[in-house]
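# coords please:
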Amino acid sequence: MRLALLAAACPCALALPWSRIACMGDSITRGDTTHTDEPEEGKLDRGNYPKTLGALLGVDVENFGASGASVSGKRGYVGTDEYEDAVDFDPDCVVVMLGINDAKLEWDEDDFVEAYADLVEATIADAPSVEAVFVAAPYLAVGTCCDIDMDLVNGEIPDAVAAFVEARGDGFAVPVRFVDARAAWLQATGCDASDVDDACEAYYDDDGMHTSDRGSDVLAAIVRDALEGFAGAPT
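This next block holds a predicted model:
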């Protein structure tokens, strides 16, 4: 019912040039795991932004989030089963949001940027129907979880993602565009890292890292606006 209401609330969602959108990412993208074959008791109480995005856009949007995945390092996304599933899906548009788990690693911005470029290049090569790639910066994290360096998550990593796309986004075989999910998240939620109140916490799972249902609705709207804006459709 919630998804139906969201879709009905946005009659402005016009036809996009893409019909098969793959959402790549980590556990934030993976969300509540309702799209997996895990037993029902294993489902998580989190949001699932790709599911909401599909309802908003009216096209096939699939969730290929891989828990613990990073841009670089041993758990690099390209080496996951979810990456293989994503390219097998034969998408014509890809949305990637990674970086939080890179804050568990020894930080080197140059290595991070090169690994992100390799990921995008591999995606375009392995999924030849892809016509556009959208790279989203991580949004504000307000909790502490999983040995993640919060200063990196909320500072250097979003900046590095933005710098990567700005410097190299036009150098790929298809358009690669930046989604400033962090700035849009702050505007939509009113959250302030220096003063996290109950209203802000409502957008997050208990760990202050993953989204709640409400947060996934915001994230889906942010991605929708980016895709429609690029395609020239009104938002």
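# Report the contact partners of the residue nearest in space to the middle of the chain.
Per CA atoms, centre = their mean, the C-alpha nearest to the average position across the chain is that of M97, at 3.3 Å. Shown in contact with M97 (CB atoms under 8 Å, 6 or more residues apart in numbering): C23, M24, G25, D26, I28, T29, V135, A136, A137, P138, V179, A181. C-beta: built from backbone N, CA, C; applies to glycine.
# surely the second one meets E84?
No. Look at M24 against E84 with CB atoms under 8 Å: they stay out of range, at 11.3 Å.
# neighbour count winner among the two?
M24 (30 against 13; other CB atoms under 10 Å).
# so S216 makes contact with G47?
Yes. If you go by CB under 8 Å, S216 and G47 touch, sitting 2.4 Å apart.
# Leaving out sequence neighbours, find the closest residue to the residue nearest to the centre of the chain.
Distances taken as CB to CB, 6 or more residues apart in numbering put A136 closest to M97, at 4.0 Å, once the chain neighbours are dropped.
# Can you get me a residue count around the one you found?
Neighbours of A136 using other CB under 10 Å come to 27.
# contacting residues around it?
Neighbours of A136 in contact, by CB under 8 Å, 6+ apart: V95, V96, M97, V161, F178, V179, A181, I222, V223, A226.
# Could I get those in JSON lines, plus columns for pLDDT?
Converted to JSON lines, the contacts of A136 look like this (pLDDT from 0 to 100):
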{"residue": "V95", "pLDDT": "98"}
{"residue": "V96", "pLDDT": "98"}
{"residue": "M97", "pLDDT": "98"}
{"residue": "V161", "pLDDT": "97"}
{"residue": "F178", "pLDDT": "97"}
{"residue": "V179", "pLDDT": "97"}
{"residue": "A181", "pLDDT": "96"}
{"residue": "I222", "pLDDT": "97"}
{"residue": "V223", "pLDDT": "98"}
{"residue": "A226", "pLDDT": "96"}
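# So in this structure, where's the weakest helix or strand by average pLDDT?
Using mean pLDDT, DSSP states H and E, the weakest-scoring helix or strand in the chain turns out to be helix 2-8, at a mean of 44.
# Report all helices and strands that the following helix or strand past that one contacts.
Elements were assigned by DSSP states H and E; along the chain past helix 2-8, the next helix or strand is strand 20-25. On a contact count with 3 or more CB pairs under 8 Å, 6 or more residues apart in numbering; DSSP states H and E, strand 20-25 meets helix 49-57, strand 60-65, helix 81-88, strand 93-97.
# if we go to 6 Å?
strand 60-65, strand 93-97 (3 or more CB pairs under 6 Å, 6 or more residues apart in numbering; DSSP states H and E).
# In PDB, could you pull the C-alpha coordinates for it?
Taking Å, rounded to 0.1, in the frame of the first residue of the first chain, the C-alpha atoms of strand 20-25 are listed here in PDB:
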ATOM      1  CA  ARG A  20      16.000  -2.100 -16.800                       C
ATOM      2  CA  ILE A  21      17.800  -0.400 -13.900                       C
ATOM      3  CA  ALA A  22      20.400  -2.200 -11.800                       C
ATOM      4  CA  CYS A  23      21.100  -0.800  -8.300                       C
ATOM      5  CA  MET A  24      24.600  -1.800  -7.200                       C
ATOM      6  CA  GLY A  25      25.900  -1.200  -3.700                       C
END
